[in-house]
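In: Dropping a prediction and its sequence here:
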Amino acid sequence: MATDERKLVDEQIEALFASHPPADTPEREFWGAQFDHGLAWVQHAEGFGGLGVSPRWQGEVDRRINEAGGSTRNRYLNVLGIGMGAGTIMAHGTDEHQQRFLRPMFACEEIWCQLFSEPGAGSDLAALATSAKQEGDTWIVNGQKVWTTLGHLAKWGLLVTRTDPDLPKHAGLTYFIVDMEADGVDVRPLYQITGEAEFNEVYFTDTPIPDDLRVGEVGQGWAVAMTTLMNERVAIGGSVSPRGSGSISLAVEAWEKLHGQDGDPVQRDQLLSYWAEAEAMRLTTLRAKEAAKQGTPGPEGSTAKLHWADLNKAITSFTMDLMGPEGMTYPGGYEFTRPDQTSNRGTSAHKAFLRSRANSIEGGTSEIMKNILGERVLGLPGEPRVDKNIPWREVPRS
Ligand SMILES: Cc1cc2nc3c(=O)[nH]c(=O)nc-3n(C[C@H](O)[C@H](O)[C@H](O)COP(=O)(O)OP(=O)(O)OC[C@H]3O[C@@H](n4cnc5c(N)ncnc54)[C@H](O)[C@@H]3O)c2cc1C
């Protein structure tokens, strides 16, 4: 079985490279062809960017593309789409959604954002207040979202709304795909400590959404949102980069530049210990991916997310210690920009340190990851949830 899968994947890689040499084909054209060959997300069905094989083969596909001089950076440029939207649309979208959205998403012809968090609903996402009211075949949306990563570039958004305030909070939600260029959508930048505005606040004022952009049934928005969040945790904490890359490479670089052979042995031990931990985490993630079944990731994605956030913060802080006074400068200046990708990757040690502070908040806080692991993996008693069964309209809000 595994041999058959390898053969199929190999054949498609060879055919793709023959028709679209990775080093010489423009990126977006290459990604489109990669989708057509079923090598975008190999576990999905044929015709939808996949081959219906184990997701373990995706790492092999991406490695060979990179080795052949191609690029897999679409996974970062369109992280909300490829990392979360694709899995959601495959699990809950209609055939039309799958045909219409997946290819341009993978080719980065259309960028996506995630419109979940609100000023009064982050960890407690089910408390959200943005309303959608049905008028014939159209839904009219009003409300405010916040922390919308790459919202300034997005053509499409993954949106959760409240469609029935008289039901308990989890029951009255409905999920939509929203056109970010529709009437009444206002995207405003929010600046972070890095100086960049990766994310935004988004206001909806009487924004129309056609009913055929609803994902899942009316009132089933919580289940669809859970699929997005499970994919998000894997997309954030579960990507497998080459050995020694990422924040540990910045620590090693700082060590070699500023300390080298004569450095403090205690710091050298600490560096090696972080390197080993980063490698252990990389291999654990790789193993988890190999073992993963097709379909929506489970709560185990929270383990990788939790560990990655703690480790990344520790390594980037240690790098600042290694750099001493140089760590207090900010090379390149502190210019406010609106980037075209999240700055978790390909960045300076200084920016990596500042950006890593968000790791234990984005995609669900570390406290929430621990709650999920406690309740859903370890089977510990759940938190008291006093508002679970009362109508959302009657839940006190500040
Ligand atoms: C860089 C970045 C990018 C983001 N991008 C997006 C995006 O694209 N789209 C989007 O929708 N959202 C996005 N977010 C928002 C993110 O999902 C929320 O910030 C996060 O879920 C926490 O919600 P909150 O900020 O409202 O904090 P709160 O929920 O108010 O939490 C405040 C504190 O209380 C703790 N806490 C809350 N509830 C519990 C509990 N039950 N048990 C223990 N502790 C608890 C939290 O851990 C936290 O420390 C992004 C955030 C960041 C930092």
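Out: Cool, the structure landed. Here the structure is a predicted model, which is why all the values come from computation and not from measurement.
In: The host helix or strand of residue 157: how far from the chain's middle?
Out: In the assignment (DSSP states H and E), residue 157 maps to strand 156-162. On the basis of CA atoms, centre = their mean, to the nearest Å, strand 156-162 is displaced by 16 Å from the centre of the chain it belongs to.
In: just checking, what packs against that strand?
Out: strand 112-115, strand 131-135, strand 138-145, strand 173-179, helix 221-237 (3 or more CB pairs under 8 Å, 6 or more residues apart in numbering; DSSP states H and E). C-beta here means a position set from N, CA and C on the backbone, and glycine is covered the same way.
In: May I have the strands that pair with the shortest one, each with its orientation?
Out: When pairs are called by DSSP bridges, strand 112-115 turns out to pair with strand 156-162 (parallel).
In: How about the third one?
Out: Here the strand partners of strand 138-145, with direction, are listed using DSSP bridges: strand 131-135 (antiparallel), strand 199-210 (antiparallel).
In: And the contacts of the first one?
Out: Identification of contacts with strand 131-135 by CB atoms under 8 Å, 6 or more residues apart in numbering yields 139-143, 161-163, 165, 174, 176, 209, 211, 218.
In: If we use 10 Å, what do you get?
Out: 138-143, 159-165, 172-176, 178, 204, 206-209, 211, 214, 218, 221 (CB atoms under 10 Å, 6 or more residues apart in numbering).
In: That strand versus helix 221-237: what angle between them?
Out: Compare the direction of strand 131-135 with that of helix 221-237 by axes from the mean of the first three to the mean of the last three CA atoms, to 10 degrees and you get 130 degrees.
In: CA atoms only: put strand 131-135 into CSV for me.
Out: What follows is strand 131-135, C-alpha atoms only, in CSV (Å, rounded to 0.1, in the frame of the first residue of the first chain):
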residue,chain,number,x,y,z
SER,A,131,-24.7,39.1,13.8
ALA,A,132,-25.9,37.7,10.5
LYS,A,133,-29.6,38.1,9.7
GLN,A,134,-31.2,36.3,6.8
GLU,A,135,-33.1,38.3,4.2
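In: residue in this protein nearest to the ligand?
Out: residue 122 (1.8 Å; CB to the nearest ligand atom).
In: how many neighbours does that residue have?
Out: Other residues within reach of residue 122, judged by other CB atoms under 10 Å, total 17.
In: Let me know the distance separating it from residue 367.
Out: 11 Å (CB to CB, to the nearest Å).
In: quick one: common contacting residues for the two?
Out: Common contacts of residue 122 and residue 367 (CB under 10 Å, 6+ apart): residue 361.
In: how about the residues of the stretch 51-200 of the chain near the ligand?
Out: Neighbours of the ligand within the stretch 51-200 of the chain, by CB under 6 Å from any ligand atom: 113, 114, 115, 116, 117, 122, 123, 147, 148, 149, 199.
In: Please repeat the previous calculation with a cut-off of 5 Å.
Out: Residues of the stretch 51-200 of the chain lying close to the ligand (CB under 5 Å from any ligand atom) are 114, 116, 117, 122, 123, 147, 149.
In: Break this protein into its domains for me.
Out: Following automatic domain parsing, one finds the domains of the chain at 1-72, 226-377.
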